[in-house]
Every structure is written in structure tokens, then in C-alpha cells.
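Peer 1: The amino acid sequence is not available; the structure is as follows:
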């Protein structure tokens, strides 16, 4: 029996959230889709693993854009519409901020969050609420404009706040509210999820982040992030998608500027009308296009001009006591010795000591995630790729354990408990782990950095200019919507929409 069909409408390279979202959307429209995944399971970083008989979350802290059943946000609605049934659990808080002179747990809800900041910095309620309401207005505009593009005059008429703030950094807009620095610091912890300091981070990106997380709260799957990818894959196959695992794509085949299929590592040549790549453009344009002469000069310039964002270093522990007995009282802890995000961003360029940590105790979102009497606790930093690119093979083990020890010692001192005395299982994930497991370029999990020169608004305007090879689309952290689990679903949908629009245009031209 033949392993593959003679031809597919679309081949998707990569069975993580973006690729599976593309496959679901295309199959829903009746297209014949093949997904090729190099691992034996779907999900990419959205996965889990087992140590000592306990399933452990590999990456996911929180999922944005889900919303409750009665008021789904865009990602939750898409998954529902596609028939992907995930058991979502609400995360109980926004975050606990552990900053110089501040220890406070903040909760979702624009008004509640504003009042909690006001309790720490009296007299700021109205200003903080007004800022968050502005974020929410921009967030709603982004969601509408991503589906219904408009001319600039139309945008100014219907989306004034979006247009007026689009050209400004987060720092520039926040400065207009004349907030005390302590209040700004309490608004800043989520910056790490978008990976640029406030002076470079576009306010549009900050708005989407804050309105989504603070306005609506976040969720996690009851059966860990692998529940998402497994259920998406199962549903895709039920819709007729062919998913093949342990199938690495080595080459994307191109002729006269048009992609016409792929070649796998085992030598299969598979033809299609379209290809969607979850691999970074850096990888695709440097060594995956065959023949190499089909790589446009503009593609090489584009990937060299873009700055890679953040990678990840995590220490994940299963501890032998309930969280409360170890003085762990929050789901999410952001801890830093400053909240100057530009200073922290520079600190992330090296190998530590790192000045800003994010910690998750999964049991506060999902009490049954570990056996009774134990808890799961992770400590994560999101370094830039710069420093970790310099680590040699000879130094890797030493650096890995030095950084892990620094993180554990820091949080042990904070809790007043030596966490190492309570470890049942411990796993250290480094940028090299990410690069090895996912083949993400240089271990980068956050795609290209959001900056004032290069972010979602600019890329939406130049999106068609970046489609440099006909029939080739990109979906992943590096795509237009940027980084994070939720945006991966959006990026996958965008790639699928580009193909559907192209097919519709060709059909219209025939008539």
C-alpha cells in the first residue's frame, strides 16, 4: 500500500498548534491536507512528559484568548467551532508581583485589577482603569481589523484609539497617564511574555496582552497542554486530515517561484498545491528550499534584518509536600529586583545571574495535576538567544547547572525553604533542549522580536510582500501574530486563510 497519495491540496510541515490549526481550518473547507510531524506525537512545545510516574507540563503556563463557554474569545471560539473539546480550567489570579518593596497578588477583571493596584498605590484607580480600558479598546480593534481590514480613513473613523496609539511605544503611552513608578511596575510583569522592554514594545502589543490576560483571565487544560494538541490532532484526522509522525521534511520543492511539494528525510517526494511551514523562515530560506537558486534575494535580507526574540530556560520540580507547606501560595509569581523592563531585557542577553524570574505552581490552577501530598513548581527565565549561542559543548553541562542552581537558590531564599530538600523529580530545560526537540531556530520560542520597527501592524501592511514564494505560507511563533500559545492558533488560521483566499481568487478568475 502506498504511504502517501499522489497529490494533496496542502502539505503542512509541523504538527504543533499552528500547523494543526491550519489543518483544521483547511479541512473544514473540504481541502485534502497532509501534516508531516518529525516527532512521534503532535504539539511541539505544547507537550508533556512523564518522570517518576507523574506527567509534567513541559511549557504551558497559561492560555490566552479562550474565555468562558458563554463568552468565548477568538481562540476558544475557533476550537469550539472546529469541534475540539478541551476541558478548560480558569487560572485563579493574574499574577503575584514580588518586586522591591511590593508583595501583592493581582486578579483578572479591569476594575478589580485597578482597585488592587490602587490599594498598593492610593489615588491611582481612575488612571489605571482608564489605561486598561484603552488597552481593551485597542484589543477589540485588533480583533476586528484582523478579520475585516479597512482603509485608513475607515480605521480612523471606527478605530480612533487604535490608530492614534499605533505609532507609539508602551512607555510613551503609559507616560501620558502620569502614574507613579510603583503603579507602572505593577502593570509591567507580563512584559516578559512579549519579550521587549517598554521603550521598544509597541503599545498595540501591550494592549492586546493586558486586555486579554487582565480583562478576561487565562485558562489551562485540565490534562495539560498535550490535551490541546492531541485533541486537535484527533479532530483533524476525524475531518479527513492525514497526519504522519516521525516524518521529517528536509526540502520544500520549488519551481519557477512556486512551491509544488516536499521531500522527506527518508526520500519521499510528495506533491501539493500549497505548503505551510512551521519551520522558521531562517531555516527554510537557508537550507530547505530546493533548488537553492529559487530562494529570493529579498528572503535572505528579510531574515537577516529581523531580530530573534527570546528562548527559554526552566527548572521543573515535583516537590514532596503540598505547596502551602513550602510557603508557596500563588499560581504565578513574577519576581525581580527591578521592573525597569529595558534593563531587564539587557540582562537577558547573558547567561545570568538573571534578575527576573517567572514561577508557576500548577496545583493552584489544577489541584489534581500531581499526586496528593505533592506539588509541581517551575522556575523560568526567558533569555535572549545571544548568550546561549556562545555556550560550547564542553561548557554546556556546567552552565546549565550553574543557572539552575541560581534560580533554585533565589526562590528557596524567597520561600525560606530549601527546595532541593524536597525534590522528588527535577528536569532542567535549556535553549538547547528547545532547539533539539522542536528544531526552533537557535532555540527561539518567541519568533521575531516585537519592536517599533517590526511588529504586527507593520507586518500586516507588508504581509503580501513577504509571501516571496508562491504557494508557500508560514505558521508558527515567527508568523505575523507573534509569540505565545494563543497566537500560534491565530498564525495557523492566518496561513490557512491566505490559501483559501488564493484559491477563491483563482476560481473567480476562471469565471
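Peer 2: Thanks, I have the structure now. This structure is a prediction, so every number in the text was calculated from the model and none was measured. Numbering: from 1, shown residues only.
Peer 1: From now on I want contacts and neighbour counts done on CA atoms only, so please keep to that.
Peer 2: Will do.
Peer 1: Identify the residues contacting the longest strand along the chain?
Peer 2: Of all segments of type strand in the chain, defined using DSSP state E, the longest is strand 269-277. Residues outside strand 269-277 that contact it (C-alpha atoms under 8 Å, 6 or more residues apart in numbering): 4-14, 19, 252, 259-263, 471-475, 495, 499.
Peer 1: what about residue 458, which helix or strand?
Peer 2: Assessed by DSSP states H and E, residue 458 sits inside helix 456-461.
Peer 1: That helix: what's the following helix or strand?
Peer 2: Next element after helix 456-461 (DSSP H and E): strand 472-474.
Peer 1: The next helix or strand after that following strand - contacts with which helices or strands?
Peer 2: Downstream of strand 472-474, the first helix or strand assigned by DSSP H and E is helix 485-510. Judged by 3 or more C-alpha pairs under 8 Å, 6 or more residues apart in numbering; DSSP states H and E, the packing partners of helix 485-510 are helix 17-28, helix 74-81, strand 472-474.
Peer 1: and the closest residue to residue 358 other than its chain neighbours, what are its bridge partners?
Peer 2: Leaving aside its chain neighbours, residue 358 sits nearest to residue 334 (4.6 Å; criterion: C-alpha to C-alpha, 6 or more residues apart in numbering). Residue 334 has these beta-bridge partners by DSSP bridges: residue 97, residue 358.
Peer 1: how close does residue 334 get to residue 420?
Peer 2: 21 Å (C-alpha to C-alpha, to the nearest Å).
Peer 1: Surely residue 216 is in contact with residue 111?
Peer 2: No. Counting by C-alpha atoms under 8 Å, residue 216 does not reach residue 111; the two are 11.5 Å apart.
Peer 1: who's more crowded, residue 334 and residue 420?
Peer 2: Set residue 334 next to residue 420 and count neighbours by other C-alpha atoms under 10 Å: residue 334 wins out with 20 against 14.
Peer 1: so who does the more buried one touch?
Peer 2: Contacts of residue 334 (C-alpha under 8 Å, 6+ apart): 95-98, 189, 356-359.
Peer 1: What is the nearest of these to residue 62?
Peer 2: Proximity of those to residue 62 (C-alpha to C-alpha) peaks at residue 95, which lies at 11.1 Å.
Peer 1: ok, and the closest non-adjacent residue to that closest one?
Peer 2: residue 332 (5.0 Å).
Peer 1: burial measure for residue 178, as a count.
Peer 2: Neighbours of residue 178 (other C-alpha under 10 Å): 11.
Peer 1: Please report the distance of it from residue 204.
Peer 2: 19 Å.
Peer 1: go on, residue 217?
Peer 2: Residue 217 is 19 Å from residue 204, by C-alpha to C-alpha.
Peer 1: Could you do residue 349 as well?
Peer 2: 24 Å.
Peer 1: Look at these two and report which has more neighbours.
Peer 2: Neighbour totals were compared for residue 349 and residue 204, and residue 204 leads with 24 against 17 (other C-alpha under 10 Å).
Peer 1: which of the residues in stretch 480-500 are buried?
Peer 2: Neighbour counts over stretch 480-500 (16 or more other C-alpha atoms under 10 Å) mark 480-496, 498-500 as buried.
Peer 1: do stretch 86-93 as well
Peer 2: 86, 88, 90-93.
Peer 1: where in the chain is pLDDT low?
Peer 2: Applying pLDDT under 70 to the chain flags residues 1, 60, 146-153, 155-156, 460-463, 481.
Peer 1: so how far is stretch 230-249 from its chain's centroid?
Peer 2: 21 Å (C-alpha atoms, centre = their mean, to the nearest Å).
Peer 1: Any chance you could list what contacts that stretch?
Peer 2: Residues contacting stretch 230-249 (C-alpha under 8 Å, 6+ apart): 13, 15, 20-21, 23-24, 27-28, 32-43, 82-86, 262-266.
Peer 1: Filter the residues you listed down to the ones in strands?
Peer 2: Per DSSP E, the contacts of stretch 230-249 map to strands at 13, 33-37, 262-264.
Peer 1: Looking at the residues you listed, which one is closest to residue 447?
Peer 2: Nearest to residue 447 among the ones in strands among the contacts of stretch 230-249, with distances taken as C-alpha to C-alpha, is residue 13, at 16.7 Å.
Peer 1: what's in contact with whichever helix or strand comes after the longest strand of the chain?
Peer 2: On the C-terminal side of strand 269-277, the nearest following helix or strand under DSSP H and E is helix 281-283. Outside helix 281-283, the residues within contact range by C-alpha under 8 Å, 6+ apart are 303, 441, 474, 478.
Peer 1: can you do 7 Å?
Peer 2: With C-alpha atoms under 7 Å, 6 or more residues apart in numbering as the test, helix 281-283 has contacts from 303, 441.
Peer 1: In terms of residue numbering, what are the domains of the protein?
Peer 2: Taking automatic domain parsing as the criterion, the chain consists of the domains 7-87+223-306+450-510, 108-216, 310-441.
Peer 1: Just give me how far the first one sits from the chain centre.
Peer 2: On the basis of C-alpha atoms, centre = their mean, domain 7-87+223-306+450-510 sits 13 Å off its chain's mean C-alpha point.
Peer 1: and if you look at stretch 319-328?
Peer 2: 29 Å.
Peer 1: Show me what counts as buried in that stretch.
Peer 2: Quick answer for stretch 319-328 (16+ other C-alpha under 10 Å): 319-323, 326, 328.
Peer 1: Please narrow these to those residing in helices.
Peer 2: With helices taken from DSSP state H, there is no overlap with those.
Peer 1: Let me know the closest of those residues to residue 64.
Peer 2: residue 328 (24.0 Å).
Peer 1: Quick check: phi and psi on the closest one?
Peer 2: When read as degrees, to the nearest 10, the backbone of residue 328 gives phi -100, psi 120.
Peer 1: try the one 3 residues further on
Peer 2: The phi/psi pair for residue 331 (degrees, to the nearest 10) reads phi -70, psi -50.
Peer 1: Now for the residue nearest to residue 431 when sequence neighbours are not counted: which residues touch it?
Peer 2: Nearest non-adjacent residue to residue 431, counting by C-alpha to C-alpha, 6+ apart: residue 443, 4.9 Å away. The contact partners of residue 443, by C-alpha under 7 Å, 6+ apart, come to 311, 431-432, 434-435.
Peer 1: Check the gap between residue 443 and residue 45 for me.
Peer 2: 11 Å.
Peer 1: Now for residue 266: which residues touch it?
Peer 2: With C-alpha under 7 Å, 6+ apart, residue 266 has no contacts at all.
Peer 1: gap between it and residue 39?
Peer 2: Distance, residue 266 to residue 39, using C-alpha to C-alpha: 14 Å.
Peer 1: How about residue 23?
Peer 2: Residue 23 sits 17 Å away from residue 39, taking C-alpha to C-alpha as the criterion.
Peer 1: okay, the two: which has more neighbours?
Peer 2: Taking neighbours as other C-alpha under 10 Å, residue 23 and residue 39 compare with residue 23 leading, 35 against 17.
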